[in-house]
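Novice: no sequence for this one, just the structure:
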């Protein structure tokens, strides 16, 4: 990938890693929800609040970044996003032990890495979209699949760690995961970036707010994000408690299966997307999500409920 003698291959790699970082900050802590409840005696109502605040703050950062990113630039914003992600993971180890209550410590860590995750959500795709090159649709599909495969890696590697060293020693693992966003921050500080679009070439925000299709797409994104986060972040606890299986098996049957099916869907779209009727595909996906939620909530057997959780990812 070159333009006027400039190679953007490392920029693309940094963006792929950026989605892996987002997968870490969104999906590592949920693997420990039941551990947090047992170790810190935190009720599920407060753990639910952690999920809600993480999702809501990322949405607020998404909205605020419209002006914020343009002022400081994409490079500085990307470095900041990775720094916040790394800091939040480190604080996940530190704050529960030093805060007035463990819940406040967990909340503080979530607030920090949620800001990093929100920034990554709005930065990575536009950076890749701006890079010169052919087959942009396939590149974007591959980019989005990296979130899924990063999610799979988080589950598998974390599960291997818990099996080897015990879930009671979980505090060392966020420190290890924090290395990736720190390294990628240095990469983003050095890779070439495409100059931003000139102000007069951008679509004014007010004009977008006046279009009904903008609000429709915004609503669809919120619903899709909420659907994904709710299932992915609770499937580990559901598998452990609903099926009474070990944590290792719960993580593999729950979030790992969800992530694999989500990744396969994005991979298939990258291959077959030009043959699909996009309206029918979106309607079918929405109906499938509703059906999977109903199955997860009302299945006569926990295994069927877990199947509903996993297929939601697809």
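Specialist: That came through fine. As the structure is a computational prediction, the values presented were derived from the model and not from experiment. Residues are numbered from 1 along each chain as shown.

Novice: now for the lengthiest helix in the chain, which elements pack on it?
Specialist: Criterion DSSP state H: the longest helix present in the chain is helix 212-243. Here helix 212-243 touches helix 9-27, helix 33-40, helix 44-72, helix 247-251, helix 257-272, helix 278-298, helix 302-313, going by 3 or more Cβ pairs under 8 Å, 6 or more residues apart in numbering; DSSP states H and E. Every C-beta, even on glycine, is put in place using the N, C-alpha and C of the backbone.

Novice: what's the distance between residue 304 and residue 290?
Specialist: From residue 304 across to residue 290, the span is 16 Å (Cβ to Cβ, to the nearest Å).

Novice: do residue 26 as well
Specialist: 23 Å.

Novice: Can you pick out the residue with more neighbours from these two?
Specialist: The neighbour count for residue 26 versus residue 290, taken as other Cβ atoms under 10 Å, is higher for residue 26 (26 against 12).

Novice: Could you report the separation of that one from residue 121?
Specialist: 10 Å.

Novice: and stretch 286-304, how far out from the chain's middle?
Specialist: 22 Å (Cα atoms, centre = their mean, to the nearest Å).

Novice: Mind listing what's buried along it?
Specialist: 289, 292, 293, 295, 296, 299, 302 (16 or more other Cβ atoms under 10 Å).

Novice: Tell me which two in those residues are the farthest apart.
Specialist: For those, the farthest-apart pair by Cβ to Cβ is 289 and 302; their separation is 20.0 Å.

Novice: quick one: low-confidence ranges for this structure?
Specialist: Applying pLDDT under 70 to the chain flags the ranges 1-6, 134-135, 137, 195-206, 208, 233, 236-248, 250-251, 253, 273.

Novice: so how far is residue 155 from residue 17?
Specialist: Taken as Cβ to Cβ, the span from residue 17 to residue 155 is 18 Å.

Novice: Have a look at these two and say which one is more surrounded.
Specialist: Comparing residue 17 with residue 155 by other Cβ under 10 Å, the one with more neighbours is residue 155, at 26 against 20.

Novice: Count the neighbours of the residue nearest to the more buried one when sequence neighbours are not counted for me.
Specialist: By the measure of Cβ to Cβ, 6 or more residues apart in numbering, the closest residue to residue 155 outside its immediate chain neighbours is residue 256, 4.1 Å from it. Neighbourhood size, residue 256 [other Cβ under 10 Å]: 25.

Novice: ok, now residue 223?
Specialist: Quick note: residue 223 (other Cβ under 10 Å) scores 12 neighbours.

Novice: Give me the nearest residue to it, chain neighbours excluded.
Specialist: residue 286 (8.0 Å).

Novice: quick one: the helices in the stretch 51-200 of the chain?
Specialist: Along the stretch 51-200 of the chain, the stretches classed as helices by DSSP state H, counting those that start in this stretch are 74-98, 102-130, 136-165, 172-177, 179-190.

Novice: ok and the first one relative to helix 102-130, angle-wise?
Specialist: Between the direction of helix 74-98 and that of helix 102-130, the angle (axes from the mean of the first three to the mean of the last three Cα atoms, to 10 degrees) works out to 160 degrees.
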